[in-house]
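Engineer: what would the 3D arrangement of this be:
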Amino acid sequence: MTLDRLLDGLPLKHLPRAGWIRVGIVTPESVASHSWGMAWLVMRLCPVQLDRGRCLALAVMHDLPEVRVGDLTPHDGVSKTEKHAREAAAASDMLSDRPDLLDLVREYAAQQTPESRFVRDLDKLDMALQAIVYSSQAHTREFVESAWKGAHNPMVRALIAEAMARLPSP
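Structural biologist: Predicted structure coming up:
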């Protein structure tokens, strides 16, 4: 393990979430803040039939490739295929010495396990909750609507619906 490998992921602490910048949030959360929010949601909401430790690991690792590729959103004009390819290449490079961690990034991207699908839904829920926090600064309904469309877990969808009801009327 080299010091450079440890330093490689730290820029997530300062990488702002691009979607919030786009709608005018002056000091948006960082990607690392978002990952912490997801870890918090895992701790609070993880069903007993899922492996909570694995869900936590997925939440922490899921956006690591953004250190290299940036926080790409649908508004950036990059196809989903290209985005996934860039993120896969970044993860492979960053985690070549830790195949166990690389497997977590790949598991999240593949969405083949119950844990990865649950954590993806929490990714949507975290966005909806953050939209409530930012709703006094900008129009954030589109983020909650996007979260609603992307989430599948009934409990998560119910929470997103509650988030929608808390937003100011359009």
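
Engineer: so what's E145 closest to, chain neighbours aside?
Structural biologist: Nearest non-adjacent residue to E145, counting by Cβ to Cβ, 6 or more residues apart in numbering: M164, 7.4 Å away. In short, each C-beta sits where N, CA and C put it, glycine included.

Engineer: now do the SS call for the one you found.
Structural biologist: With DSSP: H, G, I helix; E, B strand; the rest coil as the basis, M164 sits in helix.

Engineer: other SSEs contacting the top helix by length along the chain?
Structural biologist: If you go by DSSP state H, the chain has its longest helix at helix 114-134. Applying 3 or more Cβ pairs under 8 Å, 6 or more residues apart in numbering; DSSP states H and E, one finds that helix 114-134 makes contact with helix 18-22, helix 31-45, helix 52-61, helix 99-110, helix 141-150, helix 154-166.

Engineer: from V144, how far out is the residue nearest to E145?
Structural biologist: Remark: distance between M164 and V144 (Cβ to Cβ, to the nearest Å) = 5 Å.

Engineer: where do the contact lists of the two overlap?
Structural biologist: Common neighbours of M164 and V144, using Cβ atoms under 8 Å, 6 or more residues apart in numbering, are A128.

Engineer: looking at these two, which is more packed in?
Structural biologist: Between M164 and V144, counting by other Cβ atoms under 10 Å, V144 is the more crowded of the two (25 against 16).

Engineer: show me what contacts the more buried one?
Structural biologist: For V144, the contact set (Cβ under 8 Å, 6+ apart) comprises 127-128, 131-132, 160, 163-164, 167.
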